[in-house]
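> Got a sequence here, can you build the structure:
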Amino acid sequence: MRGKGGMQFDADVYDDGYDDDDYYDDYEDYDDAVPSPTRGSSSHKGQAKPKPAVPHKPHAPAAAAGASAMAVCLSDPPPLRPDGRPQRGATTHIATLRPPNIYPLSPGQRRNSFDFNTPSPDDKAKAAMSSGRATVGIPLAPSKTPTVKQQQQAAQARKQQQQPSSSGLQSQHSIDEALHELHGLHLDQQADTTAAERSSGRYSSSGLGPGSSTSSSSGGPGGISAAAGSTKQRHSVWRPLRDYHMEADLARDIDAALAGEAAEPSGRRGLHLVVMGHVDAGKSTLMGRLLHDLGQVSQKEVHKNQKEAAQAGKASFAWAWILDERPEERARGVTVDVAVARFTTPKHDVTLLDAPGHRDFVPNMISGAAQADAALLIVDGSPGGFESGFFGEGANSNSNNSSALGFGAGTGDVGGQTKEHAQLARSLGVEQLAVVISKLDTCDYSQERYEYIKCQLLPFLKSVGYRESRLQWLPAVGPLGHNLVAKPSEQLLSSWWQGPTLVEAIDAFTPKLRNTGAPLRLAVHDAYKGRQGGLCVGGKLEGGALKPGSKVMVVPGFEVGVVKSLEVNGKGHAPLALAGDSADVLIAGLDAATLHAGAILCHPDFPVRLAVKFTVQVLVLAISLPILKGHAVTVHAHTAREAGVISGLLALCDPKTGQPKPQKPRCLLSGQTALVEVTPVRPLALELFVDLKTLGRVALREGGRTVAVGIVTQVQE
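Residues are numbered from 1 along each chain as shown. Got it, this is the predicted structure:
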């Protein structure tokens, strides 16, 4: 055959398996049918002429489209004759000749076809169930989800089981709850337990005698019986801290430990000291040289660090590498995480917390400052160094002095980390501060430079809450060791400075009173695997006491474990850890997923509150934009960090008295004090500020800046 363009091809290649006669065989049966009236002819006279033997093609839409005869026949077939054979003529479709609602089957099966109007087996089963009649087959499985009524009955049963048997305890519990709700917004009028009562180890709320309600965390008969119950029941139980009465055996151990500490000839007390300041102010260098001069670092290690630093092209970082041991810190030349070291002075056993100064690692600085009793603020005294850390990058000494007040003009000038670190430390409870002005060797130990920095810093520190009587000022030079342990040997410095050395300034700090009378509270700073297996947590005891064999509860999680061993202030196998000590605890019986930074180890019978929403009395810092309802923030509390949102602006407060005003604010501006409601993404372990101050302070940050600091006044569990 010849195709398009004159090309030759074989017709068999395009054979579809049908001959030309096959298409006409299908119409042979139509020859006997009665011919239908002629279509398309409107004027013919007389009798119609006989039609040729060509099969008639019925009129159909497919024929108008130019389809084949077979396609036309299949798309619109003619009706069947009574004997079942097809006939020609009418164009009525077969489906129109059948009864309605019957699926179009072959003619032989039409009488037995399925009717969709008949009910299905499922409909019959449902009708039988509703009418109460028995059904045949497999019954439906009952729902496992309890109804609302069942949930209410279960909650009522749990509530009755959890109620104490003593009516006096119930009434006192309700009184305490009412007092908390009544005075939640008036912090200045709260009657807090005195430090002397807390340190005595045994105090009780009004109306409770010594035998009213006792509990034991060491496994006594009335102690931890409920700890073996459901964790959900434990989560719903909260008891006021004033109901706590210390166990007799634990009280004896605390009294013996405090008596031995007082009778020690050296009289040393534990002190947690955080070192903070702007990046590149010389914090790690100063502390590294101090550890060497106090004999905590050998000369061999110093030589090793000097050699490695010189090979890396960072010879000036040799002293800083004593504390910056991580490869990332040495490569970048900045401190990333809080470095912990210990040394002794004539009066204190110091736990040193070297906090990072870079703005990207302020959250790590907050976790270190939350554990501190006192702080060293290292200020760069080199030309331009103080201005960069205090006024901000690119600032100079001619900057507006009003910005030095921190909360003032509302211009959005947040300054450097010198200002931010001082604000955060004060908001986290640090009241004692020593300002160390370093790098004065770069300006010939100028006394004028020292006085200028002091005049700039003092008004700001007083504005954020530091008392001038709690502030110390001194110069020091880290790499040369001037005025660290001994008096400065440099004539230019000793000619005008006769004040204390750095060690003498540290000895002038006063450790906080031990809150041993409160239930156990240990804020977890780090969780890791112990040397001999098992899970270890490190942190500072904020309340109570701990000893091997004690049962503790971790919140969040509400799981109960047992203390296997203790390491207190770097001393292994300690028999007891008191409030104020830094402890590493080996615990058994707890899931590793529940132990993380921000968790709290607490007394099983007096668990810490788990807040899904809480009210904070905040002080707004220097911000560039007002704070509105729905503002997304990062919540920092003790060692915890969680994303959240300011879900409500409740009231503005008088800056002098702290009393809330009746008007509800639409936004918050710099320098304002207000009550706000904060909702974290995940629940946070918190305490009210009036119950335990160290666990009732928060800082709100957004976009790498601290926007507000405050205290917790109400908690919704």
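> how about the strands in the stretch 351-500 of the chain?
For the stretch 351-500 of the chain, the strands defined by DSSP state E, counting those that start in this stretch occupy 374-380, 432-438, 471-475.
> mind putting these in a markdown table, mean neighbour count included?
For the C-beta atoms, the positions are set from N, CA and C on the backbone; glycine is no exception. Output for those, formatted as a markdown table (neighbours: other Cβ atoms under 10 Å):
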| stretch | mean neighbour count |
| --- | --- |
| strand 374-380 | 27 |
| strand 432-438 | 23 |
| strand 471-475 | 20 |
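> would TSV of those strands with distance to residue 617 and mean pLDDT be doable?
What follows is the strands of the stretch 351-500 of the chain, written out as TSV (distance: least, Cβ to Cβ, whole Å; pLDDT from 0 to 100):
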stretch	distance to residue 617	mean pLDDT
strand 374-380	23	94
strand 432-438	23	94
strand 471-475	25	95
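> CSV for these, including distance to residue 685?
Listed next are these as CSV, based on distance: least, Cβ to Cβ, whole Å:
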stretch, distance to residue 685
strand 374-380, 25
strand 432-438, 27
strand 471-475, 33
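> and of these, who's closest to residue 686?
When these are compared by Cβ to Cβ, strand 374-380 sits nearest residue 686, at 23.2 Å.
> Give me the angle between that closest one and strand 432-438.
Counting by axes from the mean of the first three to the mean of the last three Cα atoms, to 10 degrees, strand 374-380 lies at 20 degrees to strand 432-438.
> Show residues contacting stretch 523-538.
For stretch 523-538, contacts defined as Cβ atoms under 8 Å, 6 or more residues apart in numbering pick out 367, 370-371, 522, 539-540, 542, 554, 564, 582-588, 590, 592, 595-601, 638-640, 694-695.
> Among the residues you listed, which ones are in strands?
522, 539-540, 542, 554, 564, 582-588, 600-601, 640 (DSSP state E).
> partner residues bridging residue 660?
For residue 660, the beta-bridge partners are residue 653 (DSSP bridges).
> show me the contacts for it.
Neighbours of residue 660 in contact, by Cβ under 8 Å, 6+ apart: 185, 650, 651, 652, 653, 654, 675.
> And it, how close does it get to residue 615?
Look at residue 660 and residue 615: by Cβ to Cβ, to the nearest Å, they are 10 Å apart.
> same deal with residue 654?
17 Å.
> likewise residue 442?
Counting by Cβ to Cβ - residue 442 and residue 615 are separated by 48 Å.
> Just want to know which of residue 654 and residue 615 has more residues nearby.
Set residue 654 next to residue 615 and count neighbours by other Cβ atoms under 10 Å: residue 615 wins out with 23 against 10.
> In which helix or strand does the nearest residue to that one once chain neighbours are set aside reside?
Nearest residue to residue 615, sequence neighbours excluded (Cβ to Cβ, 6 or more residues apart in numbering): residue 714, at 4.0 Å. Take DSSP states H and E as the rule and residue 714 turns out to sit in strand 705-716.
> Same question for residue 531.
With DSSP H and E as the test, residue 531 turns up in no helix or strand.
> And it, how close does it get to residue 565?
The value you get for residue 531 to residue 565, if Cβ to Cβ is used, is 11 Å.
> What of residue 346?
In terms of Cβ to Cβ, residue 346 sits 31 Å off from residue 565.
> Where do the helices of the stretch 451-600 of the chain begin and end?
491-494, 502-507 (DSSP state H, counting those that start in this stretch).
> so which of those helices comes closest to residue 390?
The nearest among the helices of the stretch 451-600 of the chain, by Cβ to Cβ, is helix 502-507 at 20.9 Å.
> List the buried residues for that closest one?
Going by neighbour count (16 or more other Cβ atoms under 10 Å), the buried part of helix 502-507 is 502, 503, 504, 505, 506, 507.
> After the helix or strand hosting residue 260, which helix or strand is next?
Assigned by DSSP H and E, residue 260 belongs to helix 248-263. Downstream of helix 248-263, the first helix or strand assigned by DSSP H and E is strand 269-277.
> sorry, back to before: dump the helices of the stretch 451-600 of the chain to JSON lines, plus distance to residue 83 and mean pLDDT.
JSON lines is the format used below for the helices of the stretch 451-600 of the chain (distance: least, Cβ to Cβ, whole Å; pLDDT from 0 to 100):
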{"stretch": "helix 491-494", "distance to residue 83": "128", "mean pLDDT": "91"}
{"stretch": "helix 502-507", "distance to residue 83": "118", "mean pLDDT": "94"}
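> Let me have those in TSV, adding distance to residue 438 as columns.
Shown next, in TSV, are those (distance: least, Cβ to Cβ, whole Å):
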stretch	distance to residue 438
helix 491-494	12
helix 502-507	10
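> mind listing what residue 302 touches?
292, 318, 319, 322.
> no wait, residue 339
So residue 339 contacts 284, 323, 324, 325, 352, 353, 354 (Cβ under 8 Å, 6+ apart).
> Try it again at 10 Å.
275, 283-284, 287-288, 320, 322-326, 329, 352-356, 368 (Cβ atoms under 10 Å, 6 or more residues apart in numbering).
> among these, which are in helices?
Judged by DSSP state H, those include 283, 284, 287, 288, 329, 368 as members of helices.
> can you tell me which two in those are farthest apart?
288 and 368 (17.0 Å).
> Compare neighbour counts for these two and give me the winner.
Remark: of residue 288 and residue 368, residue 288 carries more neighbours, 28 against 25, as counted by other Cβ under 10 Å.
> if I look at that one, how far off is residue 533?
34 Å.
> returning to what we had before: just the buried residues of the contacts of residue 339.
Judged by 16+ other Cβ under 10 Å, buried ones among the contacts of residue 339: 275, 283-284, 287-288, 320, 322-324, 329, 352-356, 368.
> now, which of these sits nearest residue 547?
The nearest one, if we look at the buried ones among the contacts of residue 339 relative to residue 547 and count by Cβ to Cβ, is residue 353, at 25.1 Å.
> Could you give the bridge partners of that closest one?
Beta-bridge partners of residue 353, as defined by DSSP bridges: residue 274, residue 340.
> which ones are touching it?
272-276, 338-341, 365, 367-372, 375-376, 525, 540, 582.
> List phi and psi for residue 569.
The phi/psi pair for residue 569 (degrees, to the nearest 10) reads phi 50, psi 40.
> hang on, isn't it packed against residue 349?
Yes - using Cβ atoms under 10 Å, residue 569 is in contact with residue 349, at 6.1 Å.
> Identify the contacts common to the two.
270, 342, 581, 582.
> Listing request: residues of the stretch 201-350 of the chain with sub-threshold pLDDT.
201-238 (pLDDT under 70).
> One more: the chain?
Scanning the chain for pLDDT under 70 picks out the ranges 1-80, 84, 86-149, 159-238, 393-414.
> let's go with 80 and repeat that
Applying pLDDT under 80 to the chain flags the ranges 1-240, 263-267, 392-415, 530-534, 717.
> returning to that earlier point: ok, which pair from the ones in strands among the contacts of stretch 523-538 is furthest apart?
Pairwise over the ones in strands among the contacts of stretch 523-538, using Cβ to Cβ, the maximum falls at 564 and 640, 25.0 Å.
> hmm, back to that, higher neighbour count, residue 346 and residue 565?
residue 565 (18 against 11).
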